[in-house]
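Asker: Generate coordinates for the sequence data below:
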Amino acid sequence: MGDQPSTVIGASRSGQADAPSGSMSAVVQDGYGTSEVLRLAQVTRPEVGPGEVLIRVHAAGLDRGTVHLMEGKPRLLRLVFGLRTPKQPVIGRDVAGSVVQVGSAVTNFAVGDEVFGVAPGSVAEYALAREDKLARRPAGLTWEQVATAAISGGTALQAVVDAGSVAAGQKVLVTGASGGVGSYAVQLAKAFGAEVTAVASASKADLVRELGADHVLDYASDDFADGSQRYDLIIDIAGLSRLSRLRRALTPTGTLVLVGGEGGGDWTGGTIGRQLRARLASLLSSQRLTSVIAKERASDYERLAVFLESGQVVPSVDRAYPLAEAADAVRYLESGKVRGKLAITVGPGR
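Answerer: Coordinates of the predicted model:
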């Protein structure tokens, strides 16, 4: 962080009003663990550096990534986010809100702009974001909807469109279709004219149908690799299915995109080795096997905003919790019952 703010609350780019100071409410964790490590606290409001934007948070998004960062698992995450305690004690990354201050090097945003994107420590009254991780708020959506879009929607965009090269008329399979990334992946594939088969639990079948899935498979009783159907594109988000099983469900020249998966080893989560094996196998196959390690970038959020404003993609928000009940929201996440995404309502306005 730096100490060169050029624009502040209530001022234009050339304004000289005092920068925001003092404390703010935030949900913090002092160590790694379950939701019991979370608490509502008063912390120092962050200071703006040259390429940063200070946001008055109206809503923040939560997904399974929040739980992984809270637990510090897989443990390799700690090499980036803090070995023994989190470098960023305030939880959350998805954000939506209003710009109240910009750094001296910021050129794309001004005070009063409504934005969404990624801001580490977003479950708070204020959060800092890098300029290159923000886009303008798409019209027609609530703050809670917008707050759940950047990370999951951006990841789905990179998986379905960039890595998957989805096209009209293709048969597309999405595993984990009722989750954060999956709910966006289904809608993006439909927006490009694909025929989508969604894999989800029976209790969430209605949700994925509402998202636009043409066919729904119950992951507990239906086998997408039983040979009855082959897919041009598989977006594998949930579970850790064997590569051989996924490849049986692909057409001879189909594409498999590995996005993530729950479970697996305590250190790597079981995903890294699988991704490496997929890329090696792809070298000797007519099938294309690849993976996505999501990037956080404004250009993707700007692309995503087009789909959001057109109504082709609608964020699926299961519930919204007030800031003081963020720990309850995370407990709900831990339960595995969430349909789509969760939001934390922080500031005023819709």
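Asker: Only C-alpha atoms from now on, for both contacts and neighbour counts.
Answerer: Will do.
Asker: what's near enough to touch the nearest residue to Glu125 once chain neighbours are set aside?
Answerer: When the adjacent residues along the chain are set aside, Glu125 lies closest to Val57, with 5.3 Å between them (CA to CA, 6 or more residues apart in numbering). Contact criterion CA atoms under 8 Å, 6 or more residues apart in numbering gives Val95, Ala96, Gly97, Ser98, Ser122, Val123, Ala124, Glu125, Tyr126, Ala127, Val346, Gly347 as the residues in contact with Val57.
Asker: For Val57, what is the enclosing helix or strand?
Answerer: Secondary structure here is read from DSSP states H and E; on that basis Val57 sits in strand 52-62.
Asker: Within the sheet, what are the partner strands of that strand, with directions?
Answerer: In its sheet, strand 52-62 lies beside strand 94-103 (antiparallel), strand 126-130 (antiparallel), strand 341-345 (antiparallel), with partners assigned from DSSP bridges.
Asker: Is the residue nearest to Glu125 bridged to anything, and to what?
Answerer: Following DSSP bridges, Val57 is listed with bridge partners Gly97.
Asker: can you tell me how far it sits from Gly82?
Answerer: When distances are taken as CA to CA, to the nearest Å, Val57 and Gly82 turn out to be 24 Å apart.
Asker: just to revisit the earlier point, top of the contacts of Val57 by neighbour count?
Answerer: With neighbours set by other CA atoms under 10 Å, the maximum within the contacts of Val57 is found at Val95, which has 38 neighbours.
Asker: That residue contacts Leu54, doesn't it?
Answerer: No - the criterion here is CA atoms under 8 Å, and Val95 misses it with Leu54 at 11.4 Å.
Asker: Residue ranges of each domain in this structure, please.
Answerer: 5-149+315-345, 151-291 (automatic domain parsing).
Asker: lowest-confidence stretch among these?
Answerer: Among the domains of the chain, domain 5-149+315-345 carries the lowest mean pLDDT, at a mean of 89.
Asker: C-terminal to whichever strand or helix holds Ala135, what's the next element?
Answerer: Under the criterion of DSSP H and E, Ala135 resides in strand 134-136. Of the helices and strands lying after strand 134-136 in sequence (DSSP H and E), the nearest is helix 143-147.
Asker: hang on, the earlier thing: separation between the residue nearest to Glu125 and Val199?
Answerer: If you go by CA to CA, the gap between Val57 and Val199 works out to 34 Å.
Asker: can you give me the strands in the stretch 101-250 of the chain?
Answerer: Listed in chain order, the strands of the stretch 101-250 of the chain (DSSP state E, counting those that start in this stretch) span residues 114-118, 126-130, 134-136, 171-175, 195-200, 215-218, 231-236, 250-258.
Asker: partner strands of the third one, parallel or antiparallel?
Answerer: It stands for strand 134-136. strand 114-118 (antiparallel).
Asker: Next one: Ile272 relative to Arg230, how far apart?
Answerer: Shown here: Ile272 relative to Arg230, a distance of 26 Å by CA to CA.
Asker: Could you report the neighbour count for Ile36?
Answerer: One thing to correct before we go on: residue 36 is Glu, not Ile. Neighbourhood size, Glu36 [other CA under 10 Å]: 12.
Asker: go on, Glu210?
Answerer: By other CA under 10 Å, the residues close to Glu210 number 11.
Asker: how much space between it and Tyr231?
Answerer: Glu210 is 21 Å from Tyr231, where distance means CA to CA.
Asker: Likewise for Gln88?
Answerer: As for Gln88, its distance to Tyr231 is 41 Å (criterion: CA to CA).
Asker: ok, now Arg248?
Answerer: Between Arg248 and Tyr231 the distance, using CA to CA, works out to 9 Å.
Asker: residue ranges of the helices in the stretch 251-350 of the chain, please?
Answerer: Secondary structure of the stretch 251-350 of the chain (DSSP state H, counting those that start in this stretch): helices at 272-282, 298-310, 326-335.
Asker: I'd like to know which of those helices is closest to Glu47.
Answerer: Evaluated over the helices of the stretch 251-350 of the chain, closeness to Glu47 peaks at helix 298-310, with 21.5 Å, by CA to CA.
Asker: got a list of contacts for the closest one?
Answerer: The contact list for helix 298-310 (CA under 8 Å, 6+ apart) reads 117, 131-141, 150, 153-154, 157-158, 313-315.
Asker: are any of those residues buried, and which?
Answerer: When burial is judged by neighbour count using 16 or more other CA atoms under 10 Å, the buried members of the contacts of helix 298-310 are 117, 131-138, 141, 150, 153-154, 157-158, 313-315.
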